[in-house]
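[1] quick check, what structure comes out for this input:
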Amino acid sequence: MKVIIIGGGWSGCAAAITAKKAGAEVHLYEKTDLLLGLGNVGGIMRNNGRWTASEELIELGAEDLINIVDDTARHKDIEFPGHKHATLYDVNIIEGKVSKYLEDLGIIIHMESRVNDIKIEGSKIKGIYLSDGIYEEGDVFIETTGTTGPMGNCLRYGNGCSMCILRCPAFGPRISISERCGVSDIQGERGEDILGAFSGSCKLSKDTLSKELREELDTKGCVILELPKEDVNYDKLSTKVCQQYALKEFAENIILLDTGHAKLMTTYYPLKKLRKIKGLENAKYVDPYAGSKGNSIRYMSVAPRTNDLKVNGVDNLFCAGEKSGLFVGHTEAIATGSLAGHNSVRLAMGIPLLILPSSIAIGDIISYANEKSKTREGRKARFTFAGSEYFARMKEEGLYTTSKEEIRNKIKKLNLDNVFNNKLI
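    Have a look, this model is predicted:
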């Protein structure tokens with residue numbers, strides 16, 4: 001049984017792990033030279049409801065990537081505006097750790113391998129075509145290509161190509177596998193009939209900050225610097241993908257987090273204005289390179305799917321990560337990827353697919369985001385365990401907890417403990 005995963009971000013890696021654990025031969029195709037995609041500049045885990053979801057993943061048997069993140073943490077249990085008990089992992093070492101882990105599991109990784117077309121017969125995918133003309137057949141396919149790019153979308157809906165970590169000019173554009181199958185994708189919206197949303201943060205080289213700021217970041221994990229009144233821009237908050245960070249504090253201050261780089265919690269910020277602030281006189285962007293003027297545009301390609309993460313209208317295609325909903329974050333990607341990978345093997349074996357119940361946070365966010373995507377208002381929302389609309393729902397529904405025992409007992413009562421560790425073949 002051969003499972004082919006297209007896209008090597010957090011969700012693609014999670015799908016590869018659970019499909020491999022279930023017993024499949026797993027091939028992972030990534031168009032760039034790095035796994036984890038946006039995970040190479042992300043760095044934030046376990047904040048707010050993501051703590052609950054991380055522990056649910058551990059109890060479900062999808063602990064692998066959560067454990068690697070915890071082991072590479074620069075800071076644990078830190079607070080910054082609107083967020084508690086966050087873990088900040090080191091973006092400079094995480095990719096190597098994950099890559100080696102997948103290889104040690106026996107997952108076959110194809111780097112710098114861009115899928116640019118498919119072969120489909122009826123409603124079933126037979127294989128994929130790579131940009132170099134190679135054709136590969138498979139039994140089940142999982143699309144985790146994300147929703148960022150190609151460059152044209154950043155030019156049309158943003159402030160231009162800012163050369164983000166995905167590096168479309170170097171490695172080529174993202175394509176939508178679901179649309180190649182004839183399925184119409186869903187697109188996220190923002191105000192004034194504009195599609196997509198800006199990626200929510202930038203990265204500064206820590207070496208370009210003052211010694212005092214570097215020391216404070218290394219010690220505390222977070223630095224907050226008040227902005228001059230004339231530079232405060234509340235309007236920009238609404239353009240962010242990451243609405244959990246759209247609090248007024250993120251407009252009134254420069255908020256820096258230590259993820260190996262200095263993570264600047266804004267979509268973009270003119271370098272000339274940034275350098276007016278004490279300690280940032282020599283600041284320099286490392287992602288995106290043109291962080292003075294813009295950032296990547298996301299939510300341009302979400303596949304319609306059922307709550308088992310199977311794409312509507314295609315017999316053997318699953319989706320995960322941002323491709324599966326207007327989700328924000330690594331934990332959300334790992335959760336959807338883990339379910340898609342496991343279900344890909346169930347499908348190939350002809351056994352019922354797993355739908356996680358709404359009595360746990362992971363099951364609830366998958367079904368809730370799916371329902372909301374059917375309305376225009378819902379397509380303007382963003383779904384994350386960490387804040388905004390969905391975290392409020394978590395608390396209202398009693399799904400948010402920091403008790404490991406409570407989470408463990410709930411998963412056991414559902415007979416789902418270690419389900420993703422079960423070998424099905």
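
[2] contacts and neighbour counts: CA atoms only from here.
    Noted.

[3] tell me where the stretch 51-200 of the chain has helices.
    64-71, 94-105, 151-157, 168-171, 177-180 (DSSP state H, counting those that start in this stretch).

[4] most packed of these?
    Mean neighbour count (mean count of other C-alpha atoms under 10 Å) peaks for helix 177-180 among those, with a mean of 19.

[5] export that helix to PDB, keeping only CA atoms.
    Extracted C-alpha coordinates of helix 177-180, given in PDB (Å, rounded to 0.1, in the frame of the first residue of the first chain):
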ATOM      1  CA  ILE A 177      -4.200  19.200  -6.300                       C
ATOM      2  CA  SER A 178      -7.900  19.300  -5.400                       C
ATOM      3  CA  GLU A 179      -8.600  21.800  -8.200                       C
ATOM      4  CA  ARG A 180      -6.600  19.600 -10.700                       C
END
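
[6] pLDDT of it, averaged?
    Per-residue pLDDT over helix 177-180 has a mean of 96.

[7] likewise stretch 283-292?
    Rounded mean pLDDT across stretch 283-292 is 96.

[8] what does stretch 142-162 give?
    Stretch 142-162 comes out at a mean pLDDT of 93.

[9] before we move on, back to that, let's have the helices of the stretch 51-200 of the chain in TSV, adding distance to Glu396.
    Output for the helices of the stretch 51-200 of the chain, formatted as TSV (distance: least, C-alpha to C-alpha, whole Å):
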stretch	distance to Glu396
helix 64-71	26
helix 94-105	34
helix 151-157	35
helix 168-171	41
helix 177-180	34
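
[10] out of these, which comes closest to Leu213?
    Smallest distance to Leu213 across those (C-alpha to C-alpha): 23.7 Å, for helix 94-105.

[11] so which other helices or strands are in contact with that closest one?
    On a contact count with 3 or more C-alpha pairs under 8 Å, 6 or more residues apart in numbering; DSSP states H and E, helix 94-105 meets helix 10-21, helix 64-71.

[12] tell me which helix or strand comes right after the first one.
    Scanning forward in sequence from helix 10-21 by DSSP states H and E, the next helix or strand is strand 25-29.

[13] and that next one, which residues are buried?
    Glu25, Val26, His27, Leu28, Tyr29 (16 or more other C-alpha atoms under 10 Å).

[14] ok, now stretch 83-97?
    Judged by neighbour count using 16+ other C-alpha under 10 Å, the buried positions of stretch 83-97 are His83, Lys84, His85, Ala86, Thr87, Leu88, Tyr89, Asp90, Val91, Ile94, Glu95.

[15] what pLDDT does the nearest residue to Ile355 once chain neighbours are set aside get?
    Spatially, and ignoring its direct neighbours in sequence, Ile355 is nearest to Asp308 (5.0 Å; C-alpha to C-alpha, 6 or more residues apart in numbering). On pLDDT, Asp308 comes in at 98.
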